[in-house]
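> The sequence and its predicted three-dimensional model are supplied below.
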Amino acid sequence: MTAEKAPAPSANHCSKNLREWLTHLAATDRLAVAKPGVGLVHELAAVSDQLELDKAVLFPKPDGHEIPVAANLLASRKWIGDCLGVSEDDLIARYQDAVRNPLPWVEVEDAPVQAVVHTDVDINGQLPVPTHNELDSGPYIAAGLMISRNPKNGIQNVSIHRCQISGKDRIGVLLLPRHTWTYSQMAEEAGQALEVAIVIGVDPASLLASQAIVPMDFDEMEIVGALHGAPVEMVKCKTNNVRVPAHAEIVLEGRVLPGVAEPEGPFGEFPQYYGRRANRHVIQVDTITHREGAIFHTIVGGGMEHLLLGGLPREATILESLQRHDPAVLDVHLSRGGICRYHLVVKIDKKQEGQAKNIMMGAFAAHYDIKQVVVVDKDVNIHDGEAVEWAIATRFQADQDLLVVNNTQASKLDPTTTDGGVGAKMGLDATIPLAADDFTFTVIKVPGAGDVDLDAVLDDASAATAIIANE
Ligand code: MN
């Protein structure tokens, strides 16, 4: 709706920082402003939740705090396209191109993000950290880019992790078994803390890049540079060696402590359930830096922004990985009902029997979150859940076309997996058999339907009275 008001995207304009994107949203009537003083506990999240498909929102003086909060930066795929400067249809291709052609960042000396420096850290005193869902353990930094460095080679990783405020200078963090977790294991084996920074208040391209499914030691900030069309300016942290975006709003500098585990959770997550409380990694925060007049960004756990940010980068990078193995793969979609993580639909131009099952196995291997893969022919609209269900209803037989793999690594946040994150994968081959005769799968069609000029054909509706009366 309001997205229609956005001006036509230009091929080279991508918002390069949070303020540029907020300015663009305001200019296109997509930024609401709350009255000052909205409460940080639940109230701010409730307002954001109610506006999430319609408007971004700024909260001045939340609970009286000097720093305002921004939420709902992305409401739809159309907004993401607008932010990256492409149409919705070109989104996946643009993102794939950025992953294929990463642009290294440059280091600068002076950075707006270091204008104010707090060495006497008091996170909840210095930052307006909201509490989102009902059973969340308390305030969480939910939209912080966590930047860490491989302790062996210094290559940086960018990802997002939920960060519970556990004390004045202490954060409980969930590290799932991917890159930050691996770096922290490497540091721990060497008996060292892992240097990290949590960066709050960045542009949507940076948030999207952080969700790319790329190999370890692929610095996601280089994807940001490619999306921006210019190298990102990074600055060295004040108290460690991590480099952070110079034009971000807020940075927390710290260390993942080796051999320390403390309770973290519950926290409302993307599957629409809570991640449970357990002993997790701990970050000691050494310094907070921020811009003059900084803006804090939050993402409501499980909300649309959370799902969109997870979905699109995953689609683009999973497509890339599947196409590398089989050029018959045309497109992929992570459905909304599958919370943009678990259920994948793959469109193929089938050439070989058995091909669909190989593609399923490639998808299961591309990311452990993927739980169900439906493979369909190229005539099926994979963004339409009913069309995908029709393909399953009419092109799939469970005794022939179903693949189940048990005891695989799965999402720890899926409540049906066991505690170690073990679950099953399911693949459905809903493609037409190549041996089928031409007639059996000919889709019905009314000649001319859709092309009729209704104004030329239809009479005034009042003519109905005479026809009905004259039986
Ligand atoms: Mn990574």
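Looks like it came in fine. Numbers count the residues shown, from 1 in each chain.

> Show the pLDDT at whatever residue of the chain ends up closest to the ion.
Nearest residue of the chain to the ion: residue 179, at 3.8 Å (Cβ to the ion). The way it works is simple: take the backbone N, C-alpha and C, and place the C-beta from them, glycine included. With respect to pLDDT, residue 179 has a value of 96.

> just checking, what's the longest helix in this structure?
helix 304-325 (DSSP state H).

> can I get the CA coordinates of it in CSV?
What follows is helix 304-325 as a C-alpha-only set of coordinates in CSV (Å, rounded to 0.1, in the frame of the first residue of the first chain):
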residue,chain,number,x,y,z
MET,A,304,8.0,-9.4,9.7
GLU,A,305,11.3,-7.6,9.7
HIS,A,306,13.0,-10.5,11.4
LEU,A,307,11.5,-13.0,8.8
LEU,A,308,12.3,-10.8,5.8
LEU,A,309,15.9,-10.3,6.8
GLY,A,310,16.3,-14.0,7.2
GLY,A,311,14.5,-15.0,4.0
LEU,A,312,15.9,-13.0,1.1
PRO,A,313,19.6,-13.4,1.7
ARG,A,314,19.1,-17.1,2.3
GLU,A,315,17.1,-17.5,-0.9
ALA,A,316,19.8,-15.7,-2.9
THR,A,317,22.7,-17.7,-1.5
ILE,A,318,20.9,-21.1,-1.5
LEU,A,319,20.0,-20.5,-5.2
GLU,A,320,23.7,-19.7,-5.9
SER,A,321,24.8,-22.9,-4.2
LEU,A,322,22.1,-25.1,-5.9
GLN,A,323,22.8,-23.6,-9.4
ARG,A,324,26.5,-24.4,-9.0
HIS,A,325,25.7,-28.1,-8.8
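
> Buried residues, it. List them.
Using 16 or more other Cβ atoms under 10 Å as the test for burial, helix 304-325 gives 304-323.

> now swap in stretch 231-245 and tell me
For stretch 231-245, by 16+ other Cβ under 10 Å, it's 231-235, 237, 239-240, 242-245.

> helices or strands up against the lengthiest strand in the chain?
If you go by DSSP state E, the chain has its longest strand at strand 278-290. Contacts defined by 3 or more Cβ pairs under 8 Å, 6 or more residues apart in numbering; DSSP states H and E place strand 278-290 against strand 116-118, helix 123-126, strand 170-173, strand 250-256, strand 262-264.

> Could you rerun that using 7 Å?
strand 116-118, strand 170-173, strand 250-256, strand 262-264 (3 or more Cβ pairs under 7 Å, 6 or more residues apart in numbering; DSSP states H and E).

> Most tightly packed of those strands?
Among the helices and strands packed on strand 278-290, the stretch with the highest mean neighbour count (mean count of other Cβ atoms under 10 Å) is strand 250-256, at a mean of 26.

> What angle do strand 278-290 and it make with each other?
140 degrees (axes from the mean of the first three to the mean of the last three Cα atoms, to 10 degrees).

> which residues sit against strand 250-256?
Contact with strand 250-256 is made by 113, 127, 184, 193-201, 237-240, 244, 281, 283-290, 294, 296, as judged by Cβ atoms under 7 Å, 6 or more residues apart in numbering.

> Likewise for stretch 108-117?
Applying Cβ under 7 Å, 6+ apart, the set of residues contacting stretch 108-117 is 233, 235, 238, 244, 246-249, 251, 287, 289-292.

> ok, 6 Å please
233, 235, 246, 248, 251, 289-292 (Cβ atoms under 6 Å, 6 or more residues apart in numbering).

> Make CSV from these and add pLDDT and distance to the ion to it.
Shown next, in CSV, are the contacts of stretch 108-117 (pLDDT from 0 to 100; distance: Cβ to the ion, whole Å):
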residue, pLDDT, distance to the ion
233, 98, 21
235, 98, 21
246, 98, 21
248, 98, 18
251, 98, 19
289, 98, 24
290, 98, 25
291, 98, 26
292, 97, 32
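
> Which of the buried residues of stretch 231-245 fall within helices?
Reading helices off the buried residues of stretch 231-245, I find no matches (DSSP H).

> what's the most distant pair in these?
231 and 239 (24.6 Å; Cβ to Cβ).

> which among the contacts of strand 250-256 end up buried?
So, by 16+ other Cβ under 10 Å, the buried ones in the contacts of strand 250-256 are 113, 127, 184, 193-201, 237, 239-240, 244, 281, 283-290, 294, 296.
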